[in-house]
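Engineer: next one to model:
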Amino acid sequence: MGAFWHPFAFMGRVDGNEFTVDRGEGVYVYDTDGKKYLDGTASLWYNQIGYGRSEIADAVSEQLTKLHAFHTFGDFSNQPAMDLADRISQIAPLPASKVFFTSGGSDSVETAAKMARRYFAETGEPERTVLITRNWGYHGTHGYGTALAGMAANLEHFGRPVHDIVQVEWDSLDSLTSAIDEVGAERVAGLFAEPVIGAGGVRFAGDHYFKEARRIISDAGALFIADEVITGFGRVGAWFASERFSLEPDLMTFAKGVTSGYIPLGGVVVSPRVADVLWSDDFIWRHGYTYSGHTTACVAGLVNLSIMEREDLVSRALVLENDLADALEGLLDHPLVTEVRAGTGVLGAVQIDPERVAADPTIAGTAANHSRDAGVITRALAGGGLQASPPLTISLNQLDELTAGLRAGLDAVA
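Structural biologist: This is a model prediction of the structure:
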């Protein structure tokens, strides 16, 4: 028996039956037997630029030799962290935003939630502690992220480790308005929202929903918190979905695509509204992580963004948006498929018939395993969808390969 405990896994089944990835090149990964697989998920949504980028490896190697890391608490700093923060601020939805670094997405959600509550404590409204979340949403697995869970399974048996959390329907403005009325607008600290829900099934509520939700939360005096851990850094055809959909978030979380996963890194983009209160001579932000502003991780981020700019991958994602949607819609003729959700960036889901999912909740996971046997990696999403979010470097021919692998998985369970 092995010692490695996998996240989100039935370990009694996994132990001794691991699928071991050995190397990657372009949009493909290879197992230890040398078999090739098209990565239809960009790993966990994060690999924008593909595998095997020696440019990042070389820069990271040089930095590891020079100074692999040093903490940034107090007045300590390093040039890569300052440079990357400036660069992210320049492409952020709101000018003059500040950037707080974390180690990943769950850290970023934790940071944003604490920052929202602390902001109102500092502005004389300490009663504003209620955070609103949407069903189907996913905000990581730390304390606040678990409490904000929009999928019941991720909260089950834990209880809510953080109180004053209210859940609303993911696409209902009436639900949002009713929740604010019920708890009282004067108690609401903020709304957490993924611009495109990811793990919850790739669900986009639409431009109108977000325009009105932003207005409603603003009228309540609360903060709009965009969780862009998945949608940030080109995934939706703009540097951030908040830019594309004019969300003007007060706080915005990021991770994943900032380094394309080459080294873990995350953060929170803090708008001037919030930063002007918390960035002051007489305020200390008693929060942070050992690896906030990790020197080598920030180098990986800088090189990753340079590659994306040089290869114009943000604009390419807009083109791929239609190509991916067209490719996935070719699966609508399959007897198991009832819906394809795509058309907002390089994010898609192929929905298996909900009646079949209700009868066999494992069907999507089984289909994903059969797709992998056919040489394409996908993943079962909440609600019984199959994920399609390849690297932004994928070609049209490779999109055809992706859909062929998805069809093979569906055929195997039909």
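Engineer: what about the strands in the stretch 201-350 of the chain?
Structural biologist: Per DSSP state E, counting those that start in this stretch, the stretch 201-350 of the chain carries strands over the ranges 223-227, 251-254, 266-270, 337-341, 348-352.
Engineer: low pLDDT regions in the stretch 301-414 of the chain?
Structural biologist: Nowhere does the stretch 301-414 of the chain drop to pLDDT under 70.
Engineer: export the strands of the stretch 201-350 of the chain to a markdown table and append columns for mean neighbour count and distance to residue 388.
Structural biologist: All C-beta atoms are positioned from the backbone trio N, CA, C, and that covers glycine. Output for these, formatted as a markdown table (neighbours: other Cβ atoms under 10 Å; distance: least, Cβ to Cβ, whole Å):
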| stretch | mean neighbour count | distance to residue 388 |
| --- | --- | --- |
| strand 223-227 | 28 | 20 |
| strand 251-254 | 30 | 22 |
| strand 266-270 | 28 | 24 |
| strand 337-341 | 19 | 9 |
| strand 348-352 | 27 | 4 |
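Engineer: quick one: closest of these to residue 71.
Structural biologist: With distances scored as Cβ to Cβ, the stretch of these nearest to residue 71 is strand 266-270 (15.9 Å).
Engineer: mind saving the C-alpha coords of that closest one as PDB?
Structural biologist: Only the C-alpha atoms of strand 266-270 are listed here, as PDB (Å, rounded to 0.1, in the frame of the first residue of the first chain):
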ATOM      1  CA  GLY A 266      -2.300  32.900  -6.100                       C
ATOM      2  CA  GLY A 267      -3.500  36.200  -4.900                       C
ATOM      3  CA  VAL A 268      -6.200  38.900  -4.500                       C
ATOM      4  CA  VAL A 269      -6.500  42.000  -6.600                       C
ATOM      5  CA  VAL A 270      -7.700  44.800  -4.200                       C
END
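Engineer: can you list the strands that that strand pairs with?
Structural biologist: Strand 266-270 has its sheet partners listed here by DSSP bridges as strand 98-102 (antiparallel), strand 251-254 (antiparallel).
Engineer: any chance of these in a markdown table, with distance to residue 313 too?
Structural biologist: Below are those laid out as a markdown table (distance: least, Cβ to Cβ, whole Å):
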| stretch | distance to residue 313 |
| --- | --- |
| strand 98-102 | 21 |
| strand 251-254 | 16 |
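Engineer: which of those sits closest to residue 43?
Structural biologist: Once those are compared by Cβ to Cβ, strand 251-254 is nearest, at 16.4 Å.
Engineer: looking at the strands of the stretch 201-350 of the chain, which is closest to residue 68?
Structural biologist: Nearest of the strands of the stretch 201-350 of the chain (Cβ to Cβ): strand 266-270, 18.7 Å.
Engineer: ok, the closest residue to residue 183 other than its chain neighbours - contacts?
Structural biologist: Nearest non-adjacent residue to residue 183, counting by Cβ to Cβ, 6 or more residues apart in numbering: residue 130, 5.1 Å away. Residue 130 sits next to 164-166, 183, 187-189 when contact means Cβ atoms under 8 Å, 6 or more residues apart in numbering.
Engineer: isn't residue 322 up against residue 342?
Structural biologist: No: applying Cβ atoms under 8 Å as the test, residue 322 and residue 342 come out as separate, 9.1 Å apart.
Engineer: more neighbours: those two, which one.
Structural biologist: For residue 322 versus residue 342, the count of surrounding residues by other Cβ atoms under 10 Å is larger for residue 342: 24 against 12.
Engineer: distance of that one from residue 203?
Structural biologist: Distance, residue 342 to residue 203, by Cβ to Cβ, to the nearest Å: 11 Å.
Engineer: what's the answer for residue 297, then?
Structural biologist: Noted for residue 297: a distance of 30 Å to residue 203, by Cβ to Cβ.
Engineer: looking at these two now, which is surrounded by more residues?
Structural biologist: Using other Cβ under 10 Å, the more surrounded residue of residue 297 and residue 203 is residue 297, with 27 against 23.
Engineer: mean pLDDT and distance to residue 87 for the strands paired with strand 266-270 - can I get that in TSV?
Structural biologist: As requested, the strands paired with strand 266-270 are exported to TSV (pLDDT from 0 to 100; distance: least, Cβ to Cβ, whole Å):
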stretch	mean pLDDT	distance to residue 87
strand 98-102	98	9
strand 251-254	98	12
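Engineer: residue 331 is nearest to which of these?
Structural biologist: For these, proximity to residue 331 was assessed by Cβ to Cβ; strand 251-254 is nearest, at 31.1 Å.
Engineer: what's in contact with the closest one?
Structural biologist: 88, 92-93, 105, 108-109, 111-112, 115-116, 190, 223-229, 232-233, 240, 242, 266-271, 274.
Engineer: in a helix, that's where residue 357 is, yeah?
Structural biologist: Yes: counting by DSSP: H, G, I helix; E, B strand; the rest coil, residue 357 falls inside a helix.
Engineer: adjust the sequence numbering to begin at 88 for everything that follows.
Structural biologist: All right, first residue 88 from here; so that's residue 444.
Engineer: nearest spatial neighbour of it, skipping sequence neighbours?
Structural biologist: residue 471 (3.4 Å).
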